[in-house]
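>>> give me a model of this one.
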Amino acid sequence: VAAAGTVAITVTNMDGQVSMAANFTITAPAPQIAGLNPDFVRVGGGAIVLTINGANFQPGAVVLGGINVIPNSVVVNVGQITVPLAANVLQAPIVVQITVRNPDGQVSNQSPFEVKPSLKRSFS
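Reported below is the predicted structural model:
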C-alpha cells in the first residue's frame, strides 16, 4: 500500500459480473518513538537540541511535552525530529513525557525526558 486514503474495491466473478464498489480505508501507521538524544540533561546546562528517533513521523508533526506543544520542531525525515529546548525551560528538575502527534491526529508512544538536579560540588 503506497499511501493512506480511501479506495473503492470491487469483485469480478469468473463470468465477468462485477460487484458494487465498497470503500476500504487505509490508515497510515502511528508514529513511534524509539529513543531521545539526549534522554536527560542537568539543571543549568544551557539550551539543547532534542533529537527524537523513531518511525512514521509525517511532515508537519508536532512534539509534545506532556500536553503542551513544544514549538519549532523540525521533521528531518520519517525517522527523526529535532526540537530546540531553551535554557529557561531546563532550570528545575522534572520528568516530562515526550510524544509526537502527526497531522492525521495519531499520537506516538511516550518517552521520558528528564531534567536532573545539577551535580553539587563541595570545596574544602
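>>> mind listing what's buried in stretch 56-71?
Across stretch 56-71, burial judged by 16 or more other CB atoms under 10 Å covers 56-58, 61-65, 70. For glycine as for every other residue, the C-beta is placed from the backbone atoms N, C-alpha and C.
>>> gap between the two ends of it?
Start-to-end span of stretch 56-71 (CA to CA, to the nearest Å) is 20 Å.
>>> chain center to it: distance?
6 Å (CA atoms, centre = their mean, to the nearest Å).
>>> what comes into contact with it?
28-32, 50, 52, 73, 75, 77-81, 83, 85, 96-104, 107, 113 (CB atoms under 8 Å, 6 or more residues apart in numbering).
>>> need the buried residues of stretch 56-71 in TSV with secondary structure, can you?
Shown next, in TSV, are the buried residues of stretch 56-71 (DSSP: H, G, I helix; E, B strand; the rest coil):
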residue	secondary structure
56	coil
57	coil
58	coil
61	coil
62	strand
63	strand
64	strand
65	strand
70	strand
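>>> out of these, which comes closest to residue 4?
residue 58 (9.6 Å; CB to CB).
>>> now that closest one: phi and psi?
The phi/psi pair for residue 58 (degrees, to the nearest 10) reads phi -100, psi 150.
>>> can you give me the distance of the residue of the chain positioned farthest from its centre to residue 38?
For the chain, the largest distance from the centre (CA atoms, centre = their mean) belongs to residue 15, which lies 49.4 Å off. Using CB to CB, to the nearest Å, residue 15 is found at 65 Å from residue 38.
>>> show me what the residue positioned nearest the centre of the chain bridges to in the sheet.
The chain has residue 100 as the residue nearest its centroid, 2.5 Å off, counting by CA atoms, centre = their mean. In this entry, residue 100 is beta-bridged to residue 63, by DSSP bridges.
>>> hmm, residue 54 and it touching each other?
Yes. The pair residue 100 and residue 54 qualifies as a contact (CB atoms under 8 Å) at a distance of 7.1 Å.
>>> same list (the buried residues of stretch 56-71) but as JSON lines, adding pLDDT.
JSON lines is the format used below for the buried residues of stretch 56-71 (pLDDT from 0 to 100):
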{"residue": "56", "pLDDT": "97"}
{"residue": "57", "pLDDT": "97"}
{"residue": "58", "pLDDT": "96"}
{"residue": "61", "pLDDT": "97"}
{"residue": "62", "pLDDT": "97"}
{"residue": "63", "pLDDT": "98"}
{"residue": "64", "pLDDT": "97"}
{"residue": "65", "pLDDT": "95"}
{"residue": "70", "pLDDT": "96"}
